[in-house]
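# fold the following and give me the result.
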Amino acid sequence: MPTENSERNGQTLPKQDILHLRLLAIFHYVMAVLMLLLWLIYLILLLRTHLQIISMREQLGDMAHMISTWEVFTTLQIAWLFALMLITTAVFAVAGFLEQRRHYLFCMTVAGLLCLLVPLGTVLGVFTIIVLSRTSVNDAFAARRKQQLAQRTRHRRV
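Below you'll find the predicted structure:
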């Protein structure tokens, strides 16, 4: 299989693996932007629901205890919104880490989490796991890690 020298870490990878890592990074950026748009839409809907609850509370007066269910629902929505924002941030980070061939375990973990986001996240997560499971890609991540550790120890000695 033809190989190409990777300038980022000095590790020789097959061209196919370099191409797949680049494509995965691009697709992770696209997925993160889509998730960010979803997050913004969800935030707008949450604010609208909250405003409706406030107006209903003022109108109902004595029957305001019925609104407590909606408040619990709103609290759960806020928790979901926060989780979605964390996952979006992680997907953005993984896109950069795939380009740099860093943080292998984090990339695999986020790929597993992406599998829960049906259907696009599942496809992206599965392909990410497949590419990262290749021996040559794993070795490239390990070589990058060794290079970083060597630089840190050399920097500490100076």
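# show me the longest helix that occurs in this protein.
Longest helix in the chain by number of residues, with DSSP state H as the criterion: helix 15-60.
# what strand or helix carries Gln148?
Using DSSP states H and E, Gln148 falls within helix 135-157.
# so that helix versus helix 15-60, what angle?
80 degrees (axes from the mean of the first three to the mean of the last three CA atoms, to 10 degrees).
# just checking, what packs against helix 135-157?
Here helix 135-157 touches strand 12-14, helix 15-60, helix 104-114, helix 120-132, going by 3 or more CB pairs under 8 Å, 6 or more residues apart in numbering; DSSP states H and E. Heads up, the C-betas are built off the backbone N, CA and C, glycines and all.
# of the ones you listed, which approaches Trp80 most closely?
Closest approach to Trp80 among these (CB to CB): helix 15-60, 7.7 Å.
# name the helices or strands packed onto that closest one?
Packed next to helix 15-60, using 3+ CB pairs under 8 Å, 6+ apart, are strand 3-5, helix 68-100, helix 120-132, helix 135-157.
# what residues of the helix holding Gln148 count as buried?
Residues Val137, Ala140, Phe141, Ala143, Arg144 are the ones in helix 135-157 that count as buried (16 or more other CB atoms under 10 Å).
# out of those residues, which is nearest to Phe97?
Phe141 (9.2 Å).
# give me the neighbour count for the closest residue in space to the closest one that isn't next to it in sequence.
Leaving out its chain neighbours, the residue that sits closest to Phe141 by CB to CB, 6 or more residues apart in numbering is Tyr104, at 4.1 Å. Burial measure for Tyr104: 18 neighbouring residues, criterion other CB atoms under 10 Å.
# residue nearest the centroid of the protein?
Val91 (1.8 Å; CA atoms, centre = their mean).
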